[in-house]
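A.B. asks: structure, please.
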Amino acid sequence: MKQRIVLALGGNALGKGLAEQMKAVHTTASAIVDLIAAGHELVITHGNGPQVGMIHQAFEAAAHTPTHSPVLPMSVCVALSQGYIGYDLQNAIRERLLKRGIHKCVTSLITQVRVDADDPAFLCPDKPIGSFLTRENADALAAQGVAVKQDAGRGWRRVVASPEPKEIVEIDAIDALLAAGVVPVTIGGGGIPVVAEGEGLKGVSAVIDKDRASAILARDLNADMLIILTAVEKVAINFNTPQQRDLDHMTAAEAERYIAEGQFAPGSMLPKVEAALTFAASRPGRKTLITLLERAKDGIAGLTGTTISG
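C.D. replies: Presented below is the predicted three-dimensional model:
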């Protein structure tokens, strides 16, 4: 049965650098085209954690050269990452579509997401960006006033504010692209973070969680399903302990209970489950699937992954 699906790609779908990304998007595109060939109407979203960090660091380093290039605001870094990630994704998906005899336009849309200027997240940066750091490098950056934090026990990374998404500014354009039969690649990296300023919009120094933004997008596009792709096949409780249990399904009430128990790691699985809950609870009949990219097709068929329903 044809469904309107928002597909949120995880970091493993894009690699950790330009060379890795160019290879990774071809595997990613194959899985995406499987879903398009099955008749589903797709909207593609993606993260940008390593990429936006590299862009920011590159301009930061350039500022210390004789040219004294300006350090770019984080909102501009997100926009740059949307452009170059979208460029690779749309070309890889188009190529795979044509190889399968499917003539369908794929396009990337530079997308802004409005946040609240008074969001308390601006007082407590916690969204990891860029590559992992050694403890020594993390300490050096902290001494310079750069916010760094442990990322789910995996190592040290820079962190920036991650305010809650309130509105997808280009939602009407995305809806129009879908109506025209186009596959949109949108809200890359969670969207360019902006706040309302009079009749205009102003970029702010933040990175929006792409899963939370994808949940808002799926809700406002009246999607049937949100698929959040990650590095594990199923969500687990008591993760990494002898009592670990993989979950096939969670109701909204169960998800809320597990969140309250602290079952999911902040900066890792927690925002994914919270985003899943936001969409699934937004209207009866909606559900979110969390699984591996290569198992997405099986997950839609109910054969694997973790589903969250309202």
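A.B. asks: hey, which helix is longest across this structure?
C.D. replies: helix 74-99 (DSSP state H).
A.B. asks: elements contacting it?
C.D. replies: helix 18-37, strand 41-46, helix 49-62, strand 106-108, strand 183-186, strand 192-197, strand 200-203 (3 or more C-beta pairs under 8 Å, 6 or more residues apart in numbering; DSSP states H and E). (Each C-beta comes from the backbone N, C-alpha and C, glycine too.)
A.B. asks: for it, buried residues please.
C.D. replies: For helix 74-99, burial by neighbour count (16 or more other C-beta atoms under 10 Å) applies to 74-82, 84-86, 88-94, 96-97.
A.B. asks: next, the angle helix 49-62 makes with that helix.
C.D. replies: Angle of helix 74-99 versus helix 49-62, following axes from the mean of the first three to the mean of the last three C-alpha atoms, to 10 degrees, is 130 degrees.
A.B. asks: from the chain's centre, how far out does helix 74-99 sit?
C.D. replies: 14 Å (C-alpha atoms, centre = their mean, to the nearest Å).
A.B. asks: give me the angle between that helix and strand 41-46.
C.D. replies: Using the same axes, to 10 degrees: helix 74-99 against strand 41-46 is 140 degrees.
A.B. asks: quick one on the thing from earlier: give me whichever of the helices and strands packed on helix 74-99 is most buried.
C.D. replies: strand 183-186 (a mean of 26; mean count of other C-beta atoms under 10 Å).
A.B. asks: tell me which stretches of the stretch 151-300 of the chain form helices.
C.D. replies: 171-179, 210-220, 252-260, 269-280, 296-300 (DSSP state H, counting those that start in this stretch).
A.B. asks: residues contacting the lowest-mean-pLDDT helix or strand in the chain, please?
C.D. replies: Lowest mean confidence among the helices and strands of the chain (mean pLDDT, DSSP states H and E): strand 127-133, at a mean of 76. Strand 127-133 is contacted from outside by 16, 49-50, 52-54, 56-57, 141, 148-149, 151, 154-162, 206-207, 209, 267, using C-beta atoms under 8 Å, 6 or more residues apart in numbering.
A.B. asks: and for the residue nearest to V232 when sequence neighbours are not counted, the neighbour number?
C.D. replies: Excluding the flanking residues, the one nearest V232 by C-beta to C-beta, 6 or more residues apart in numbering is L292, at 7.0 Å. Residues lying near L292 (other C-beta atoms under 10 Å) number 20.
A.B. asks: about what we covered before: can you tell which of the helices of the stretch 151-300 of the chain is closest to G200?
C.D. replies: Closest approach to G200 among the helices of the stretch 151-300 of the chain is made by helix 171-179 (17.6 Å; C-beta to C-beta).
A.B. asks: what's the angle from the closest one to helix 210-220?
C.D. replies: Going by the same axes, to 10 degrees, helix 171-179 makes 70 degrees with helix 210-220.
A.B. asks: run through who's touching helix 171-179.
C.D. replies: Helix 171-179 is contacted from outside by 4, 41, 43, 107, 109, 111, 168, 184, 186, 217, 220-221, using C-beta under 8 Å, 6+ apart.
A.B. asks: and with 6 Å instead?
C.D. replies: 184, 186, 220 (C-beta atoms under 6 Å, 6 or more residues apart in numbering).
A.B. asks: my read: the second one touches L109, true?
C.D. replies: It refers to T186. Yes. With contact defined as C-beta atoms under 6 Å, T186 and L109 form a contacting pair (4.7 Å).
A.B. asks: circling back to that earlier point, highest mean neighbour count out of the helices of the stretch 151-300 of the chain?
C.D. replies: The highest mean neighbour count among the helices of the stretch 151-300 of the chain, using mean count of other C-beta under 10 Å, belongs to helix 210-220: a mean of 26.
A.B. asks: that one - contacts with which helices or strands?
C.D. replies: Helices and strands touching helix 210-220, by 3 or more C-beta pairs under 6 Å, 6 or more residues apart in numbering; DSSP states H and E, are strand 4-9, strand 165-168, helix 269-280.
A.B. asks: can you pull the contacts of the spatially most central residue of the chain?
C.D. replies: Per C-alpha atoms, centre = their mean, the C-alpha nearest to the average position across the chain is that of K210, at 3.0 Å. K210 makes contacts with 45, 47, 190, as judged by C-beta under 6 Å, 6+ apart.
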